[in-house]
Each structure stands twice: as C-alpha cells, then as structure tokens.
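Undergrad: Structure for this input, please:
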Amino acid sequence: MTVLLWVASVMLIVIGVAGTVLPALPGTALVLAGIVLGAWIDDFTRVGIGSLLIIGVLAVMAWGFDYAAGMLGARRAGASRQALWGAAIGTVVGLFMGLVGVLFMPLVGAAVGEYLARRDQGQALRVGVATWLGIMAGLLAKVVIAFMMIGIFVGALLF
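TA: Okay, here's the model as predicted:
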C-alpha cells in the first residue's frame, strides 16, 4: 500500500509540474498536494511542518505571481476590460490547440479584445504583447517556484 501512495505522490507532483505550463491544471496546488501526501506517508518525520509551511508559502506566492504578472503586463500597456477578457478567452481556446495555443492564444485574445474596444491596431498589438509578456513572466515564476518546492521536499527526504 505504501508503494501505491508514493506512486500517487510522485504522479501528483509530475502532473503539477505539467500544470505550471498548462492553465487547465492547478500546477503548484497539485505539486503541493503530492508533497503533503509524501510527507504524510512518512509520518512527517523527514518532511516536517516547517518544510511544509515554507513549501505552502511558495505555492501561494506562485499563484500570486501568476495572477499579478498577467494583470500588470496588461495594465502597464493600458489594456481595456475587453483586452483582459480577450486574454482569458484566448487562454481557454488555446487549451484545445496544444502547447502553441496555450502559449500564444492569450496574446491573440488580448489583441483582439483591445482592437474591438478601441479600433487601434497599434494599441491592440502593444496590449497583446504586454499581456503575453506578463503571462510568460508569471509562467516562468510558477515553474521556478514549483521546482523550488520539489527541491525542498527532496532535500528534506534525503537529508
């Protein structure tokens, strides 16, 4: 039974890492769940409450960075409400288009939303690119933080 629980823990972590790139999956939350399961399997002897608190804070930070980065990129470029909606819709549509769609449809959605709001192609392009850069910065932060979480977990297990 313990082996199955460890497999579940590792699978949650692996799926969570994938979720840091795929917006349909709550990446850092799944990584956190896998880590907590691993700590529980070990009766919290090697991975204690202190490590879990640090990992939990990192998970919350990843969520905050992801949210804030996209919004800051869009706001800095003067995005309209329609551009923000367009980016959100583009993200959802991108899920059905594979990795390229996930990475670039938010840019297209934000640009289309901004164009519909202001009918200015230059502004629409600026907002689309700024929103995309913000989303990519948030994505990069999530990936880095997820690996930090995993590193702390593995370090606690081994040392």
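Undergrad: Quick one: mean pLDDT over the helix ranked longest in the chain.
TA: Secondary structure of the chain per DSSP state H: the longest helix is helix 121-158. The average of the pLDDT scores along helix 121-158 is 89.
Undergrad: Buried ones in that helix, by neighbour count?
TA: The neighbour-count check on helix 121-158 (16 or more other Cβ atoms under 10 Å) flags 123-128, 130-139, 141-143, 145-146, 149-150, 152-153, 156 as buried. Quick note: C-beta positions are derived from backbone N, CA and C, even for glycine.
Undergrad: Give me the pLDDT value at I41.
TA: Confidence score, pLDDT, at I41: 95.
Undergrad: how many neighbours does it have?
TA: 17 (other Cβ atoms under 10 Å).
Undergrad: Can you tell me how far it is from V93?
TA: Relative to V93, I41 is positioned 39 Å away (Cβ to Cβ, to the nearest Å).
Undergrad: How about A137?
TA: Distance of A137 to V93, given as Cβ to Cβ: 21 Å.
Undergrad: swap in L157?
TA: L157 is 40 Å from V93, where distance means Cβ to Cβ.
Undergrad: same thing with F147?
TA: From F147 to V93 the distance is 28 Å (Cβ to Cβ).
Undergrad: before we move on, what about T2?
TA: From T2 across to V93, the span is 42 Å (Cβ to Cβ).
Undergrad: Could you do V144 as well?
TA: Distance, V144 to V93, by Cβ to Cβ: 27 Å.
Undergrad: for V127, same thing?
TA: Counting by Cβ to Cβ - V127 and V93 are separated by 18 Å.
Undergrad: same thing with G128?
TA: 14 Å.
Undergrad: give me the low-pLDDT residue ranges for the chain?
TA: When residues are selected by pLDDT under 70, those of the chain lie in 23-24.
Undergrad: Closest to the centroid, which residue in it?
TA: The residue lying closest to the centre of the chain (Cα atoms, centre = their mean) is T20, at 4.1 Å.
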